[in-house]
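J.: Turn this into a structure:
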Amino acid sequence: ARSDGLAGSSVAELATQRVLVESLGGSYHSIVGDDIPAAVLNFARANNATQIVIGASRRNPVVAALTGPGTGMAITRTSGTIDVHVISHDYIGKGRVLPR
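T.: Sure, this is the predicted structure:
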């Protein structure tokens, strides 16, 4: 089974994040695809985005070492002229639960 990267998140938590993003003048989009980095970059390019903001990986360092670069690194490596901003947070390396 493929994970959507939002394990443990609730509809209310996602709605709160949507409100925050929009209150800061950003736009919030849900993107679906089997190849997450490609789906994000395809969407960004189709909408002439110049910047992507992502959170730092929540993957456990041991898992990351065994499975290779994660979604954020893949987006960064293949973004081309799109700037990628990686935001740190207290949940780095602590699992896939979405921070509140």
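J.: How many residues are close by the nearest residue to S88 once chain neighbours are set aside?
T.: Once flanking residues are discounted, S88 sits nearest to A56: 4.9 Å by C-beta to C-beta, 6 or more residues apart in numbering. Placement of C-beta: from N, CA and C, glycine included. Neighbour count of A56, defined by other C-beta atoms under 10 Å: 14.
J.: And A56, how close does it get to H85?
T.: To H85, A56 is 11 Å away according to C-beta to C-beta, to the nearest Å.
J.: Ok, V62 next?
T.: When V62 is compared with H85 (using C-beta to C-beta), they lie 26 Å apart.
J.: thinking again about what came up before, surely the residue nearest to S88 and V84 touch.
T.: No. The criterion here is C-beta atoms under 8 Å, and A56 misses it with V84 at 11.5 Å.
J.: low-scoring stretches of this protein, by residue?
T.: Within the chain, the segments meeting pLDDT under 70 span 1-9, 64, 89-100.
J.: can I have the longest helix seen in the chain written out in CSV, keeping just the CAs?
T.: Longest helix in the chain, counting residues (DSSP state H): helix 11-23. C-alpha atoms of helix 11-23 as CSV (Å, rounded to 0.1, in the frame of the first residue of the first chain):
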residue,chain,number,x,y,z
VAL,A,11,-9.3,16.7,8.3
ALA,A,12,-9.4,19.4,11.0
GLU,A,13,-5.5,19.6,11.1
LEU,A,14,-5.4,19.9,7.3
ALA,A,15,-8.1,22.6,7.4
THR,A,16,-6.1,24.6,10.0
GLN,A,17,-3.1,24.5,7.8
ARG,A,18,-5.1,25.6,4.7
VAL,A,19,-6.4,28.6,6.7
LEU,A,20,-2.9,29.5,7.8
VAL,A,21,-1.5,29.3,4.3
GLU,A,22,-4.3,31.3,2.8
SER,A,23,-4.1,33.9,5.6
